[in-house]
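Enquirer: this one's sequence-less:
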DNA sequence: CATAGATGTGTAATCGATTAACTAAGTCCT
DNA sequence: AGGACTTAGTTAATCGATTACACATCTATG
């Protein structure tokens, strides 16, 4: 910056003003400075700027698992929305580990992100408190924690889940296997509670960890127990469960009814296409980004609940008639 | 930091020394400082530190499309490798747009990342030159650009593609539809060149943009032209093409042989499972991160070429006998 | 017992920007 | 002509760390 100033025959203050579009500099000075910048290929140091202004124009996003397309899609939506407001997003991948999540959150805070979006790995409020204590704007996404005091953006699958339950029961299923998420995540617990609740005593629950491998194992257990219907509570566990179903040579929907919470583009390609509960991922991401930006600007956004929808495609068999 | 120093009754220099594990401070001072840090909940400002040391312990990763699971997997591998070396990764999503890619690269440079991993959206070397001119360590990943002067890490699919071609030709296919990537990307061009080359004159090529929608359109065109085999050059276009095949009620492999470049966990679940050319994504990501770290440390890593493998699963029909 | 060497801390310059406070020059009015 | 007011630009403090250098204290040595 000093070089630029010298080159243009002005002080660094003037260069800074040109850069930040202040009113002061005359058109001629402005032109001279811009020419110098161009000539020297100067690019301002964002670190120095942020240090001085205490604003990084950056949002932190800590997601549970980058390999889960659900979160990838959310990440993309967040990023789009943030960019359109002049913000940049730094993504941290917690890999469903509370420890790695904490590490990332701290790293992002150390780098002074202007705000943080978090999909908490567990419902322990410790980390959330830590962030709040630091006074950094925080919005929870997809999952919440116990006694959360910050805005939360998530999907509401209750209606879809009860509708699903009604159909399964109506079709005469009496042993319904539920491949649930971890009980220490809000989504894991809530989805399962709603579904088992509306299934009366017909549900058998096995908990997985929102990943493929745990889905196959859970499916194996449930099938061994004589389940005639399987519901996986996220797309990766659904993938694993489908693998197990295939490996056993079972036919959907003839031998087993099948449904997954969370749609993916390849579900319609299976034979039969898989019935799912579709979440409005893009809207969730955008809403979360908007809430966070509002918080940063000092407003107090409300919680957002977007409804997930049951999409019937044929994998439930007669339950869809 | 000043507060901590005051609290512990030492100077900021000493606090800094304790923080950075210097030899100097006596155990007692160290304990006192650590206590003060703990008590005040102090966290060092990474911006200030980086400004002073000119090192951010951060790698930039600009990928072509975050929604493409291929890149998501790469991103994760890069991140894993980087973390194990004490580096953090900032991901930028170019969405297959050269313009957005350039914006991201500049943002990352402005933030003074220690090095940059780039999956170039086009093979125009302009942006690469710009980065090199700035003296920032750069490694290209998956794709290269014309006259690249920096290390490149990519998969080599030639062998797998010629093997695939041999099988298709051997099975008597004479109209083979190739759903190619954009001709201005190195992967788009090279894969297509190798395949069409070894297919003699039997190939019909339609270019897509590495995304789902373009895959269906290309498949439609090729099927209209009487193709009896389809090869999609990336998983998203494969997804689109499969949709089109299904929509037309065609049976794989009876009516049409089908293969995709790039494996995905759900391909084995289709009926029949889809034959693919599998890329060593995780290894690519790790190798790229390692190369970049080497570059940062002043060494000169070699280019890396990892071989992709043909995985036969049944969607080629008699060509797999 | 002076003196060289080692050791632990403090002082202050520095990284590269922003911006409050100031100065110099020009404009306008009586 | 001289004072009040604008306007364009400069000087220097500041953000929060690191680190070269200086300094004080303590030990070992001839």
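Expert: On my side now, so go ahead. All of these numbers come straight from a predicted model, not from anything done at the bench. Numbers count the residues shown, from 1 in each chain, chains lettered A, B, ... in the order given.
Enquirer: Can you tell me the SS state at residue A:52?
Expert: Secondary structure for residue A:52, judged by DSSP: H, G, I helix; E, B strand; the rest coil, is helix.
Enquirer: roughly how far apart are the residue in the stretch 51-200 of chain A positioned nearest to DNA strand C and residue A:12?
Expert: Closest approach of the stretch 51-200 of chain A to DNA strand C (CB to the nearest atom of the strand) occurs at residue A:52, with a separation of 3.9 Å. In short, each C-beta sits where N, CA and C put it, glycine included. According to CB to CB, to the nearest Å, residue A:52 and residue A:12 sit 12 Å apart.
Enquirer: And the helices in the stretch 101-250 of chain A, which stretches?
Expert: Here the stretch 101-250 of chain A has its helices, by DSSP state H, counting those that start in this stretch, at A:126-133, A:158-170, A:186-198, A:212-224, A:235-247.
Enquirer: Stretch A:278-289: which residues count as buried?
Expert: A:278, A:279, A:281, A:284, A:285, A:286, A:287, A:288, A:289 (16 or more other CB atoms under 10 Å in any protein chain shown).
Enquirer: Quick check: residues of the stretch 51-200 of chain A near DNA strand C?
Expert: Where the stretch 51-200 of chain A comes near DNA strand C, counting by CB under 7 Å from any atom of the strand, the residues are A:51, A:52, A:53.
Enquirer: Drop anything exposed from these.
Expert: The neighbour-count test (16+ other CB under 10 Å) marks residue A:51 as buried among those.
Enquirer: I'd like the residues of the stretch 51-200 of chain A next to DNA strand C laid out as JSON lines, including pLDDT.
Expert: Formatted as JSON lines, those follow (pLDDT from 0 to 100):
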{"residue": "A:51", "pLDDT": "97"}
{"residue": "A:52", "pLDDT": "96"}
{"residue": "A:53", "pLDDT": "95"}
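Enquirer: nearest to chain B, of the residues of the stretch 51-200 of chain A next to DNA strand C?
Expert: residue A:51 (4.7 Å; CB to the nearest CB).
Enquirer: just checking, the closest one touches residue B:52?
Expert: No. If you go by CB atoms under 8 Å, residue A:51 and residue B:52 don't touch, sitting 9.8 Å apart.
Enquirer: Return the closest of the buried residues of stretch A:278-289 with respect to DNA strand C.
Expert: Distances from DNA strand C to the buried residues of stretch A:278-289, taken by CB to the nearest atom of the strand, are shortest for residue A:289, at 24.5 Å.
Enquirer: who's in contact with residue A:37?
Expert: Taking CB atoms under 8 Å, 6 or more residues apart in numbering or on different chains as the contact definition, residue A:37 lies against A:4, A:15.
Enquirer: Go again with 7 Å.
Expert: Counting by CB atoms under 7 Å, 6 or more residues apart in numbering or on different chains, residue A:37 makes contact with residue A:4.
Enquirer: Secondary structure element holding it?
Expert: Residue A:37 belongs to helix A:27-40 when assigned by DSSP states H and E.
Enquirer: For that helix, buried residues please.
Expert: A:29, A:30, A:32, A:33, A:36, A:37.
Enquirer: Columns distance to DNA strand D on top of those residues, output as CSV?
Expert: Below are the buried residues of helix A:27-40 laid out as CSV (distance: CB to the nearest atom of the strand, whole Å):
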residue, distance to DNA strand D
A:29, 3
A:30, 8
A:32, 8
A:33, 9
A:36, 12
A:37, 15
